[in-house]
Structures are given as structure tokens and as C-alpha cells.
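S.K.: Pasting the sequence and the predicted model now:
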Amino acid sequence: MSMFPVFDIAGSALTTHRTWMDAISDNIANINTVRRTTDPAFQERFVVARERPGRAGGPAGIGGGVDVAGVEFGDTDGVLVYEPGHPLADANGMVRKPNINLADQMTNLIVAQRAYQLNLAVVDRARDSYLQALQINGR
Amino acid sequence: MAVAGIGGLVGALGIGAAGATERAAGTAGAAGAKPAGNQFTQMLDGLQGAVDKSDNLAVKAATGNLTDVHNYTIAATEAQMMTQLTVAVRDRAVEAFNEIMRMQP
């Protein structure tokens, strides 16, 4: 479609990783969301990526980037924590907290941010390359 | 090839003497090559599309409806690159045209 497909491909990856960062942000934001033991816990969000097929007429075998296929959810069990003073605590003093590992989330956040940076670097390099190609025999 | 490009370009821009230039292009060894006027018009359409896309995203950014910052910056970069490419093609075509016009018998 586009005259510079690399921008579309890198742009799709930027969107996907931004979505992943959104999901991580949601997980971290809800890491202390407390529920009653009778209710399901906040479910961890997982972004599912899916490769995008290459454009028609493009080089065979090279895809068109990546898309967000959807969001999957973690378990509703969470972890039961003993907090007898909590207003939502049951008769045994237990509340339900989401089963989200903060260290995992922070690691994923670093990976997502680095991947975002990588794709920005791809855009930058592609732009440099195209501009250099325009300089051929230029004045 | 570049000479065939001028014929089409001149025809497309309506500068005149297109027939003569095209004939000159034909004798210049680019036999069978089609005038590039249509292609250049298509290129301008593509450029218009890229600039429109960039402008729409700029409006979205200004009104706070932009969901992804990189969508705008990439569209702006793409519009800039296509502008430069179009200008480069035009420059080369005009340069070749001028070269032909300077030809001495």
C-alpha cells in the first residue's frame, strides 16, 4: 500500500508494543485491587500478538508486521491474604488479591519498552537510508 | 529512460511541445518506453494521500484524539520523504529536459 512499507511494519510493531505497555500498566495499576473472597480476583492481562500477512505484490515470504490479536486473562483465583482489619475481609479475615508478580511485570515493561525503542530505531535507520538514496547524484 | 520521463512530464504538465519532445525521446533510444506522465500523476496522488493522512493525524493530535504518538510522527516522516522523492523526480526530469533544450545542431 504504502510506498515505504518499512514504516508500516515498524509502525504496527510500535502500536503492538504500546498496547503491551498499556496491559502491563493495567496489571500494575490493579496489583492492589482487593476483592471479597466470594468474588473473582482481578485477572492479569496478556496481550496476544499475531503476525500480519505481507502486502499483495510485495516480496514473497516477508510479512507486513504484527497486530494485536486480542487479550487473554489470567486466573480468577488470585491469592488469599489474611487481612482481618480489611472491610472486605470474610469471617476468617481473608481477602482476595490478584495473582500478579510485580517483578514479572517490571521485566515485561523493560522488554516492551526496549522493543518499542528498537522499532523506533528501525524507523530512524529506514528514514536515513531513504534520504541517503535521494542524495544520489544530488546537488 | 529519463528522456522518456520528460516527454510524459511535459505532456502531463501541459507545458507544450510535448509531441516534439516525445518524438525526440523516441529517437533517443527509449523506443517502446511509455511516457511517465501518468506515473508522475499517480505519484502526486500518492503524495497527496500521505500529506492528507499526516494532516488528519495532526488535527487529531491538536484535538486530543490521537491514540498513538508514533502514528503521527511516522505519517509526517512518510509525507516528508514522499515530498522529497517527488521533488527529486521532478528535478531530474526538468534537468534532463533543460539538457535536451540546450542541444545544439
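M.R.: Done, it's in.

S.K.: which bits of chain A sit near chain B?
M.R.: Within reach of chain B by C-beta under 8 Å from any C-beta of the partner chain, chain A has these residues: A:2-4, A:7, A:10-11, A:14-15, A:18, A:120, A:123, A:127, A:130-131, A:134, A:138. (C-beta placed from N, C-alpha, C; glycine too.)

S.K.: Please list only the buried members of these.
M.R.: A:2, A:4, A:7, A:10-11, A:14-15, A:18, A:120, A:123, A:127, A:130 (16 or more other C-beta atoms under 10 Å in any protein chain shown).

S.K.: Would you point out the most distant pair within those residues?
M.R.: A:18 and A:130 (24.0 Å; C-beta to C-beta).

S.K.: re the thing from before, which pair in the residues of chain A next to chain B spans the largest distance?
M.R.: Using C-beta to C-beta, those span at most 35.8 Å, a distance reached by A:18 and A:138.

S.K.: And for the residue of chain B found nearest chain A, the neighbour number?
M.R.: For chain B, the residue closest to chain A is residue B:70, as judged by C-beta to the nearest C-beta, at 4.4 Å. Residues lying near residue B:70 (other C-beta atoms under 10 Å in any protein chain shown) number 21.

S.K.: got a list of what it touches?
M.R.: By C-beta atoms under 8 Å, 6 or more residues apart in numbering or on different chains, the contact list for residue B:70 reads A:11, A:14-15, A:18, A:120, A:123.

S.K.: could you give the mean pLDDT of stretch A:5-17?
M.R.: Average pLDDT, stretch A:5-17: 94.

S.K.: now the residue in chain A positioned nearest to chain B: how far from residue B:39?
M.R.: When distances are taken as C-beta to the nearest C-beta, chain A reaches nearest to chain B at residue A:14, 4.4 Å away. Taking C-beta to C-beta, to the nearest Å as the measure, residue A:14 falls 31 Å from residue B:39.
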